[in-house]
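[1] Kindly generate the corresponding structure for this input.
(one chain, ligands or ions: 1)
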Amino acid sequence: MKRHLMRAVILVLILAGGLGYLVYTGFEVFVPPLASQEGTRIDQLLRFQFFLIAAIFSLVVGLAVYAVLVFRRRGDEEEAGEYIHGNPTLEITWTVIPLLIVLGLSAVTTRDFFWMRRPDYDMVVKVTGQQFAWIFEYPDYGIKSAELVVPTGKRIKFELQSVDVIHSFWVPEWRVKEDLVPGLTTYVYITPTQEGEFKLRCAELCGVGHATMRAPVRVVSPEAFEAWVAEQMPPADPVALGEKLVSQYCASCHSLDGSQRVGPTFLGIFGREVTFTDGTTATVDEDYIRESIREPQAKVVEGFQPIMPPFGPDRLSDEEVDAIIAFLKTLEK
Ligand code: CUA
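    Reported below is the predicted structural model:
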């Protein structure tokens, strides 16, 4: 008996060592590099849980494999094994130990959860998600952007809002993920630690354009961030303003180069003859564009889904709509 136990324990230790080494070296291969302060706790927990899983897996599978191989029935053995009924010590042990592990993990997780969500921050970025684009607003600076630019070393409070369905704010390198829920403002706090270019991905299936609902993320030094802020003041020229607004609000669904996306391309849109889903036709002019921005469902072009959200005056002013029209007029074929 002693001999079997020794051998089984050696097998379990070898298995645990091998798996532990795989977890140790494989973590960086499967998990993208960490780029936020909040993520450090998540990585600690994740690593610890992987080691724990490797250890428990080795114990269970090691003992099972040893028993199956060594105590298998051989030749024409007729004799049955000894009949054992119950073992309270063993049963209490294998109930209490996992219970303590799970309680311990939930305590650490709860502590880290409240640490990540503690309400202190250096700046606010308002994030609006809509099918299928992201808009970032910097209330301290009066800036709107389609690109998320943030400085390192500042704890940023992202205020998340959705205008239509549930989306999810996720930059894998920052680890933390938070849903955007229509009718609610949700929050996530991030302190970027690494400069570089990342990608914000929508992590909640939100419709046909879900896969393209991404936004560029640039983490820069605090000085470079101030310089970027200075560049962001809205352009005075209507065509330049229109171009900026189109890239912010429209370009993820309407291409500028003639390719098909979720909505009709903007290339050569002025004067185009269009057929609507009800069979009527029209020529694209200023009034039609204006109506399609304010009330997109009024006339839907044949072959496209009626999914564009309306842009009321609270989201695009009349001057901004005029600027978009001025820019669209320049997109001749
Ligand atoms: Cu928004 Cu998926």
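
[2] now Leu19, nearest residue through space, not along the chain?
    The spatial neighbour of Leu19 that comes closest, neighbours along the chain excluded (Cβ to Cβ, 6 or more residues apart in numbering), is Ala54 at 3.8 Å. No exception for glycine: its C-beta is placed from N, CA and C like everyone else's.

[3] separation between that neighbour and the ligand?
    As defined by Cβ to the nearest ligand atom, to the nearest Å, Ala54 lies at a distance of 34 Å from the ligand.

[4] for Gln232, same thing?
    Distance, Gln232 to the ligand, by Cβ to the nearest ligand atom: 25 Å.

[5] Tell me, how many residues neighbour that residue?
    Close neighbours of Gln232, defined as other Cβ atoms under 10 Å, add up to 17.

[6] so the residue lying closest to it once chain neighbours are set aside bridges to which residues?
    If you skip the residues right next to it in sequence, Gln232 has Ile143 as its closest partner in space, 4.5 Å away by Cβ to Cβ, 6+ apart. With beta bridges defined as DSSP bridges, Ile143 has these partners: Tyr138.

[7] Am I right that Tyr288 is in contact with Phe276?
    No: using Cβ atoms under 8 Å, Tyr288 and Phe276 do not qualify as a contacting pair, with a distance of 10.4 Å.

[8] so what's in contact with those two at the same time?
    Common neighbours of Tyr288 and Phe276, counting by Cβ atoms under 8 Å, 6 or more residues apart in numbering, are Ala282, Lys299.

[9] Same drill for those two, tell me which one is more crowded.
    The residue with the greater number of neighbours, taking Tyr288 and Phe276 and applying other Cβ under 10 Å, is Tyr288; the counts read 17 against 14.

[10] Not counting its neighbours along the chain, what's nearest that one?
    Using Cβ to Cβ, 6+ apart and skipping the chain neighbours, the partner closest in space to Tyr288 is Ala282 (6.1 Å).

[11] Please report phi then psi for that neighbour.
    Backbone geometry at Ala282, expressed as degrees, to the nearest 10, gives phi -160, psi 170.

[12] and the stretch 51-200 of the chain, which residues reach the ligand?
    Counting by Cβ under 6 Å from any ligand atom, the stretch 51-200 of the chain comes close to the ligand at Gly129, Phe132, His167.

[13] ok, so what distance separates Val300 from Pro32?
    When distance is defined by Cβ to Cβ, to the nearest Å, Val300 is 40 Å away from Pro32.

[14] More neighbours: which of the two?
    Comparing Val300 with Pro32 by other Cβ under 10 Å, the one with more neighbours is Val300, at 18 against 13.

[15] So the residue nearest to Gln232 is in contact with Glu137, correct?
    Yes: in this structure, Ile143 is within contact of Glu137 by Cβ under 8 Å, at 7.1 Å.

[16] got a pLDDT number for the residue nearest to Leu19?
    At Ala54, the pLDDT value in this model is 93.

[17] That one is in contact with Gly20, isn't it?
    Yes: under the criterion of Cβ under 8 Å, Ala54 makes contact with Gly20 at 5.3 Å.

[18] Comparing those two, which residue is more hemmed in?
    When neighbours are counted by other Cβ under 10 Å, Ala54 and Gly20 differ, and Ala54 comes out ahead with 20 against 15.

[19] The more buried one - that's part of a helix, no?
    Yes: counting by DSSP: H, G, I helix; E, B strand; the rest coil, Ala54 is found in a helix.

[20] That one and Trp94, how far apart?
    Here Ala54 is placed at a distance of 18 Å from Trp94 (Cβ to Cβ).

[21] Please apply the same query to Glu302.
    Counting by Cβ to Cβ, the gap from Glu302 to Trp94 is 65 Å.

[22] what is Ser36 paired to in the beta sheet?
    Pro192.

[23] what's the neighbour count on it?
    Counted with other Cβ under 10 Å, residues neighbouring Ser36 total 23.

[24] could you pull out the helices for this protein?
    In the chain, helices defined by DSSP state H lie at 2-30, 38-70, 88-116, 222-231, 238-249, 286-294, 318-329, listed in chain order.

[25] Against which helices or strands is the longest one packed?
    For helix 38-70, the helices and strands in contact under the criterion 3 or more Cβ pairs under 8 Å, 6 or more residues apart in numbering; DSSP states H and E are helix 2-30, helix 88-116.

[26] same question, the fifth one
    Contacts defined by 3+ Cβ pairs under 8 Å, 6+ apart place helix 238-249 against strand 133-138, helix 318-329.

[27] Touching, Lys144 and Val127? I think so.
    No: contact status for Lys144 versus Val127: not in contact, 11.3 Å apart, counting by Cβ under 8 Å.

[28] so what sits against both of these two?
    Joint contacts of Lys144 and Val127 (Cβ under 8 Å, 6+ apart) are Ile135, Phe136, Glu137.

[29] what sits against the second one?
    Just to be clear, that refers to Phe136. Val125, Lys126, Val127, Lys144, Ser145, Ala146, Glu147, Leu148, Ala215.
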